[in-house]
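Novice: Below: sequence and its predicted model.
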Amino acid sequence: MTDNLAEYLRQPLKIGSKSIEKRLVLAPLTFLGNIAFRELVSRYGGYGLLSPCYRWRDEERSQLVCQIFGADPLTMANAARRIESEGLFGVDINFGCSNATICRRNCGAALLKDPDLAAAIVAEVRGAVTFPLTVKFRIGWRDDPAIAVRLAQRFEDAGADALIFHPRVAPDRRSRPPKWAYIGMVKQAVNIPVFGNGDVFDRDDCRRMIQETGCDGVALGRMAVARPWIFAELTENIQIGPEMFMDAALQLARLLETHYDPVAAIKRFKRFAFYFCANFCFGHSLYSGILKAGDMKEVDTILRRFFEKVPDLSSRPNMNFFS
Ligand SMILES: Cc1cc2nc3c(=O)[nH]c(=O)nc-3n(C[C@H](O)[C@H](O)[C@H](O)COP(=O)(O)O)c2cc1C
C-alpha cells in the first residue's frame, strides 16, 4: 500500500466476475444493516459493497451482497439462485456467526467444526450461480491459525471468489482483540481477495490492518453504525464536523419512519443508538434516554437537547460499554 490510505481504498478490486470500486465494505449486521441504515450510508458514499439485505431499493442492487446461512447444500444453492435472479452483486455464506440459536441448528460458525460439509456448501452454491460468491468466517473453534488457513484454502478450492475473515475463535463474543496476524496468514495462503475484519475503529486502524496483513480490503461492522460516514471519511477524506452526529441520527430517524411502521422503526433506532452513543464521553445518558423514548418524536427531542452543547467525543468508542 502507498502511504495514502484513501488512494489505496479507491483502487478497484476484482471479485469473481465483477469488480468493486472501493475496498471498504459494510460487514453483515443483523437488524442494523437495514434498508434505512443503508440509505443513510449511501448519502455519504465511499463504500464498495453493503450487506446484508432482505429488502432493498432498486438503485442499490448492484452494490448489495446478501448473506445466507444454513446447513443443507441444496437449500443454500437454491437461496443463492434466488439472490442472483434478483440482480444483486453477490451472495455471502455465513460461517462466522457463533450465536447459540444459529449454532444449535448446525449453521453459521458451527459449520467450521465440519470443514467437509462447509466446503460442500460452498461447492454446491458455486455450481448454482455465476455471480460473486464470498465466504465470511472465523478462525474456528480452537485458537490455531492453521485451522483458519486450511479452511480458507478449502473455501477457495470449492469456488469462493473472496473471503471475509474475522480472526476470532467462534465462541469469542468480541471480548478479546481479534488476531490480525492470522489475516496475514490467510492472505498468504490463497489467491482470492481477502477482506480483514474486526476492531477497525478509525483511519489508523484501517491503515495498520492493511499494512500488517496485506489484506485486499476491509469490512467494517460496528464503527459503520457509530459513524455512518466512515466509508466516505476513509476513502474520500471528507471533512467531519461535530454537526454530523446529530444530523446523521435525525436522518436515520426519518428514514426508519419512511421504511417501517412506528413500532419497528423505534426498535431499530434503539439498536442503532447502542453503537451511536458510544461516540460520546457521556453517551450513556443519551442512550438511556433514547431507550426510554416511547416514539420517534420523543427521540428527536432527546437528541436535540443532547446536542445543544457540542458533546465530547470518546477518543475510541467503547462498543462494549453499554452491554
Ligand atoms: C449487532 C451485530 C450483528 C451482527 N450480525 C452478523 C451477521 O448477521 N452475519 C455475520 O456474518 N456477522 C455478523 N456480525 C459480525 C460482524 O459482521 C463483524 O464480523 C464483527 O462485528 C466484527 O467487526 P467490527 O469490529 O468492525 O464490528 C454482527 C455483529 C454485530 C455487532
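Specialist: That came through, no problem.
Novice: Domains in this structure, by residue range?
Specialist: 5-236, 243-306 (automatic domain parsing).
Novice: Tell me which of the ones you listed is the most buried.
Specialist: Greatest average neighbour count among the domains of the chain goes to domain 5-236 (a mean of 20), per mean count of other Cβ atoms under 10 Å. Where you see a C-beta, it was placed from the backbone N, CA and C, and this is true even at glycine.
Novice: Turn the domains of the chain into JSON lines, including mean pLDDT and distance to Asn318.
Specialist: Shown next, in JSON lines, are the domains of the chain (pLDDT from 0 to 100; distance: least, Cβ to Cβ, whole Å):
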{"stretch": "domain 5-236", "mean pLDDT": "96", "distance to Asn318": "10"}
{"stretch": "domain 243-306", "mean pLDDT": "97", "distance to Asn318": "6"}
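Novice: Just checking the strand or helix carrying Ile121 against the ligand, any contact.
Specialist: For Ile121, the host element (DSSP states H and E) is helix 115-128. No: Helix 115-128 lies out of reach of the ligand by Cβ under 6 Å from any ligand atom, never closer than 13.8 Å.
Novice: quick one: that helix to chain centroid distance?
Specialist: In terms of Cα atoms, centre = their mean, to the nearest Å, the centre of helix 115-128 is set 23 Å apart from its chain centre.
Novice: same question, stretch 156-171
Specialist: With Cα atoms, centre = their mean, you get 14 Å for stretch 156-171.
Novice: next one: stretch 15-31
Specialist: In terms of Cα atoms, centre = their mean, the centre of stretch 15-31 is set 9 Å apart from its chain centre.
Novice: Also stretch 278-292?
Specialist: 23 Å.
Novice: Ok, stretch 89-103 next?
Specialist: When C-alpha coordinates are averaged (Cα atoms, centre = their mean), stretch 89-103 and its chain have centres 12 Å apart.
Novice: Send over that stretch as PDB, restricted to the C-alpha atoms.
Specialist: C-alpha atoms of stretch 89-103 as PDB (Å, rounded to 0.1, in the frame of the first residue of the first chain):
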ATOM      1  CA  PHE A  89     -23.900  -8.100  -6.700                       C
ATOM      2  CA  GLY A  90     -23.400 -11.400  -5.000                       C
ATOM      3  CA  VAL A  91     -24.000 -13.900  -2.200                       C
ATOM      4  CA  ASP A  92     -22.100 -14.300   1.000                       C
ATOM      5  CA  ILE A  93     -22.100 -17.500   3.100                       C
ATOM      6  CA  ASN A  94     -22.200 -17.100   6.800                       C
ATOM      7  CA  PHE A  95     -19.700 -19.300   8.600                       C
ATOM      8  CA  GLY A  96     -19.000 -16.600  11.200                       C
ATOM      9  CA  CYS A  97     -22.000 -16.300  13.400                       C
ATOM     10  CA  SER A  98     -21.400 -18.000  16.700                       C
ATOM     11  CA  ASN A  99     -24.800 -17.000  18.100                       C
ATOM     12  CA  ALA A 100     -26.200 -20.000  20.100                       C
ATOM     13  CA  THR A 101     -29.500 -20.200  18.200                       C
ATOM     14  CA  ILE A 102     -27.700 -20.300  14.900                       C
ATOM     15  CA  CYS A 103     -25.100 -22.800  16.000                       C
END
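Novice: now check that stretch, is it near the ligand?
Specialist: Yes: if you take Cβ under 6 Å from any ligand atom as the test, stretch 89-103 does meet the ligand, through Asn94, Gly96, Cys97.
Novice: Mark which of the residues you listed are part of strands, please.
Specialist: Members of these lying in strands (criterion: DSSP state E): Asn94.
Novice: residue boundaries of the strands in the stretch 1-150 of the chain?
Specialist: Applying DSSP state E, counting those that start in this stretch to the stretch 1-150 of the chain gives strands spanning 13-15, 18-20, 24-26, 65-68, 90-95, 133-140.
Novice: what helices or strands is the fourth one leaning on?
Specialist: In terms of contacts (3 or more Cβ pairs under 8 Å, 6 or more residues apart in numbering; DSSP states H and E), strand 65-68 is packed against helix 73-85, strand 90-95.
Novice: hey, C-alpha coordinates of the longest one in CSV?
Specialist: Once side chains and other backbone atoms are set aside, the C-alpha atoms of helix 73-85 remain, and they are given as CSV (Å, rounded to 0.1, in the frame of the first residue of the first chain):
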residue,chain,number,x,y,z
PRO,A,73,-26.1,-27.5,0.5
LEU,A,74,-29.1,-27.8,-1.8
THR,A,75,-31.2,-25.3,0.1
MET,A,76,-28.3,-22.9,0.2
ALA,A,77,-27.8,-23.3,-3.6
ASN,A,78,-31.5,-22.6,-4.1
ALA,A,79,-31.2,-19.5,-2.0
ALA,A,80,-28.2,-18.3,-3.9
ARG,A,81,-30.0,-18.8,-7.2
ARG,A,82,-32.9,-16.7,-6.0
ILE,A,83,-30.5,-13.9,-4.9
GLU,A,84,-28.8,-14.0,-8.3
SER,A,85,-32.1,-13.7,-10.1
